[in-house]
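Participant: structure for this input, please:
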Amino acid sequence: MTSYNYENFSTDDYEFETVVGPTVGDKAMDFELTTSTGEPKRLLDFDADFLVLEMGSITCPLFQSRRGIMGGLEGEFDRVKSAVLYVREAHPGALVKAHQSFQDKQSCALQLKEHDHEGRLILVDDYEGSAHIAYGSMPNAVFIINRAGIVVYRAEWNNPSAVRKALKALIAGKEATAKAYFRPPLPWRAIQTFKQAGHGSAPDFFKGLPFLIWTNLIKRNLRLLFS
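Facilitator: The predicted structure is shown next:
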């Protein structure tokens, strides 16, 4: 295990087999964060029945593959707010490096907003990743939190179809039981993300790819299928 803001991706930096952080029914933890444009904002300060909170960074191919669909949820559901918690760089490279300060992190979050045209509220975690660690440290997890601050849905890997099904159930007053099967990033989006991150981001990803396929695409999905 390296420092939180690692310079090179390794599968050792993530708990793929263990669920860490709040699960369904737990009280969501609140944090004082900063928006991508510098304003203070509490995580649980939202005016809606549900908050969809997605973890992400501009060097995460999974996050980049899902942004388009996730960004449309607020327009689809009237009683829902959606936000991104900007975390450490999943696959830092020569152009988008590992954060060396909070200013680096906020700069990357602003790049996500202005260059990548992310329309959702972007909340920037602190340099040490306090909120991200508290919520499990996964690079593209998603949580749905209700107005009372209770976690009502959680997925270790974001699956937008499952999130949409979960929201429909929750708004109808039902339990969210949609299974978030792991889906790999779109190949063209992964290539685009590694180019944006710069030299060094792709080799570390492909080095860990066999482990990621076995742990998530096969083992995790089979567990979900038969659970």
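
Participant: just give me the residue right at the centre of this protein.
Facilitator: Closest to where the C-alpha atoms of the chain average out (Cα atoms, centre = their mean) is residue 55, at 2.0 Å.

Participant: am I right that that one is in a strand?
Facilitator: Yes - judged by DSSP: H, G, I helix; E, B strand; the rest coil, residue 55 forms part of a strand.

Participant: quick one: contacts for it?
Facilitator: Residues in contact with residue 55, defined by Cβ atoms under 8 Å, 6 or more residues apart in numbering, are 63, 84, 85, 87, 132, 135, 138, 139, 140, 141, 142, 158. C-beta: built from backbone N, CA, C; applies to glycine.

Participant: could you check how far the fourth one is from residue 17?
Facilitator: Right, the one you point to is residue 87. Remark: distance between residue 87 and residue 17 (Cβ to Cβ, to the nearest Å) = 20 Å.

Participant: higher neighbour count, those two?
Facilitator: Neighbour count, other Cβ atoms under 10 Å: between residue 87 and residue 17, residue 87 has more, with 28 against 8.

Participant: confirm for me that the more buried one is in contact with residue 133.
Facilitator: No - using Cβ atoms under 8 Å, residue 87 makes no contact with residue 133, being 9.2 Å away.

Participant: elements contacting the helix or strand encompassing residue 191?
Facilitator: If you go by DSSP states H and E, residue 191 is part of helix 187-197. Secondary-structure packing of helix 187-197 (3 or more Cβ pairs under 8 Å, 6 or more residues apart in numbering; DSSP states H and E): helix 61-70, helix 201-212.

Participant: so residue 85, which state does it fall into?
Facilitator: When the rule is three-state DSSP, residue 85 gets the label strand.

Participant: contact partners for it?
Facilitator: Counting by Cβ under 8 Å, 6+ apart, the residues that residue 85 touches are 33, 43, 53, 54, 55, 56, 123, 125, 131, 132, 135.

Participant: now distance to residue 96 and pLDDT too, for these, in TSV please.
Facilitator: As requested, these are exported to TSV (distance: Cβ to Cβ, whole Å; pLDDT from 0 to 100):
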residue	distance to residue 96	pLDDT
33	21	98
43	24	98
53	22	98
54	19	98
55	17	98
56	13	98
123	19	98
125	16	98
131	21	98
132	17	98
135	22	97
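
Participant: I'm done for today, thanks for sticking with me.
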